[in-house]
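1. Need the 3D shape of this:
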Amino acid sequence: MQGMKEIHETQPDDKLYHGEENEIYTPIEDYQRVTAGGPFKRDSMDIGSFPKGIRIIGYFFVFFIVLTMVFSIFLTIFL
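-> Just a heads-up that it's a prediction; the model follows:
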């Protein structure tokens, strides 16, 4: 047992709070660390960082959803 790192049994292996505000806490953080290299970051969902074609498709998709909702509300009220 000479080469083993001795820690007290009640000491945590990792810090529970990472201290970064842009990290999102998820209960599957350990799984994400293994498969994806860490938890999701808030900055990764910044639309401005996507390529132009993907942004245009995303804007069109959101516009279509909003237009469909407005059209369905219009039909329910006036028909």
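2. Next up, identify which helix or strand residue 66 is on.
-> Take DSSP states H and E as the rule and residue 66 turns out to sit in helix 52-78.
3. Run through who's touching stretch 55-64.
-> 47-48, 50 (Cβ atoms under 8 Å, 6 or more residues apart in numbering). C-beta: built from backbone N, CA, C; applies to glycine.
4. okay, who's weakest in those by pLDDT?
-> Lowest pLDDT within these is found at residue 47 (77).
5. for that residue, what are its contacts?
-> So residue 47 contacts 55, 58 (Cβ under 8 Å, 6+ apart).
6. Show the backbone phi and psi for residue 46.
-> Dihedral pair for residue 46: phi -70, psi 110, per degrees, to the nearest 10.
7. okay, now it: neighbour count?
-> Neighbours of residue 46 under the rule other Cβ atoms under 10 Å: 9.
8. That one and residue 77: what is the separation?
-> Counting by Cβ to Cβ, to the nearest Å, the separation of residue 46 from residue 77 is 37 Å.
9. Please apply the same query to residue 45.
-> As judged by Cβ to Cβ, residue 45 and residue 77 stand 34 Å apart.
10. Could you check which of those two has the larger neighbour count?
-> residue 45 (10 against 7).
11. pLDDT score for the more buried one?
-> Looking at residue 45, the pLDDT reads 70.
12. shaky segments in this structure?
-> Along the chain, the parts satisfying pLDDT under 70 run over 1-26, 32, 36-44.
13. cutoff 80 now
-> Low-confidence regions of the chain, defined by pLDDT under 80, span residues 1-47.
14. burial of residue 50, as a residue count?
-> For residue 50, using other Cβ under 10 Å, the count is 13.
15. Tell me who's in contact with it.
-> Here residue 50 is in contact with residue 58 (Cβ under 8 Å, 6+ apart).
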